[in-house]
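Colleague: got a predicted structure plus its sequence, pasted below:
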Amino acid sequence: SQTIHQWPATLVQPVGSPLSLECTVEGTSNPNLYWYRQAAGRGLQLLFYSVGIGQISSEVPQNLSASRPQDRQFILSSKKLLLSDSGFYLCAWRVRREDTGELFFGEGSRLTVL
Amino acid sequence: EDQVTQSPEALRLQEGESSSLNCSYTVSGLRGLFWYRQDPGKGPEFLFTLYSAGEEKEKERLKATLTKKESFLHITAPKPEDSATYLCAVPPEAGTALIFGKGTTLSVSS
């Protein structure tokens, strides 16, 4: 069966510090991968998605970047965090051959920027 | 712009008190409507997919229905363990991700 892992689960970072969140999927090949952010009262906001290694699409201009160095690995990064980057970050995957269909989410990473 | 709106924002029920959650959407050419459950501090858990008007799906005390412009999540005789935030989502007209509503936070007390 397929599983998705995210880490770290929780982190507190000062403003201006770098960020790296990692997501890996097991039990499937060539998945579509997604990064969402969930802020209080704002719902889930799509940040990035990837349909293959090295292929990244950005949905929202911001202080963040994403990379997909391996088929089942998706990384969210920032060089300098802002207070507004605080939130709950969720990685998700979908079977690649499907244009639509359900997304399966990881457990999330809670980021607090102070 | 593709939109998903959920109501109410919050719902408090007594155990056994049935009710419904609403999800309305404006995307045309619907390619599926998805319901998720999210517990505090956790990622959303997939519940149902509905593809056409009139379709219904059931799981335990939950039943999801779909019309041309909205979906309902009916909760029959809820229990405290049904307390969670329920999210609905649709694919945009163009694109591979899902657009989510802000969710309905359900609290069921015994």
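Modeller: It's in. Numbers count the residues shown, from 1 in each chain, chains lettered A, B, ... in the order given.

Colleague: for the rest of this, base every contact and every neighbour count on C-alpha atoms.
Modeller: Fine.

Colleague: and chain B, which residues reach chain A?
Modeller: Where proximity means C-alpha under 8 Å from any C-alpha of the partner chain, the interface of chain B facing chain A comprises B:31-32, B:34, B:41-46, B:49, B:91, B:96-103.

Colleague: show me just the buried residues among those.
Modeller: When those are checked for burial by 16 or more other C-alpha atoms under 10 Å in any protein chain shown, the buried set is B:31-32, B:34, B:42-46, B:49, B:91, B:96-103.

Colleague: from the residues you listed, which land in strands?
Modeller: B:34, B:45, B:46, B:49, B:99, B:100 (DSSP state E).

Colleague: any low-confidence regions in the chain?
Modeller: As the question left the chain open, I've gone with chain A. For chain A, applying pLDDT under 70 flags the ranges A:61, A:97-99.

Colleague: that's the other chain; I wanted chain B
Modeller: B:1-2.

Colleague: so which residues of it form strands?
Modeller: Shown for chain B, the strands assigned by DSSP E span residues B:4-7, B:10-14, B:19-25, B:33-38, B:45-50, B:56-59, B:62-66, B:70-75, B:84-90, B:99-100, B:104-109.

Colleague: what's the neighbour count on residue A:28?
Modeller: Other residues near residue A:28 number 15, with proximity taken as other C-alpha atoms under 10 Å in any protein chain shown.

Colleague: just give the nearest non-adjacent residue to it, would you?
Modeller: What sits nearest to residue A:28 in space, not counting adjacent residues and going by C-alpha to C-alpha, 6 or more residues apart in numbering or on different chains, is residue A:2, at 6.2 Å.

Colleague: so the most centrally placed residue in chain A bridges to which residues?
Modeller: A centroid search over chain A (C-alpha atoms, centre = their mean) returns residue A:35, at 2.9 Å, as the residue closest to the centre. Partner residues in beta bridges with residue A:35: residue A:48, residue A:91, with DSSP bridges as the criterion.

Colleague: for stretch B:38-48, measure first residue to last.
Modeller: Across stretch B:38-48, the terminal residues are separated by 13 Å (C-alpha to C-alpha, to the nearest Å).

Colleague: and stretch A:29-48, by the same measure?
Modeller: Using C-alpha to C-alpha, the end-to-end distance of stretch A:29-48 comes out at 19 Å.

Colleague: contact partners of it?
Modeller: Taking C-alpha atoms under 8 Å, 6 or more residues apart in numbering or on different chains as the criterion, the residues outside stretch A:29-48 that touch it are A:49-52, A:56-60, A:66, A:71-72, A:74, A:76, A:86-96, B:97, B:99-103.

Colleague: just to revisit the earlier point, now, which of the ones in strands among the buried ones among the residues of chain B next to chain A sits nearest residue B:108?
Modeller: residue B:45 (18.7 Å; C-alpha to C-alpha).

Colleague: for the closest one, which residues are in contact?
Modeller: Neighbour list for residue B:45: A:104, A:105, B:36, B:37, B:38 [criterion: C-alpha under 8 Å, 6+ apart].
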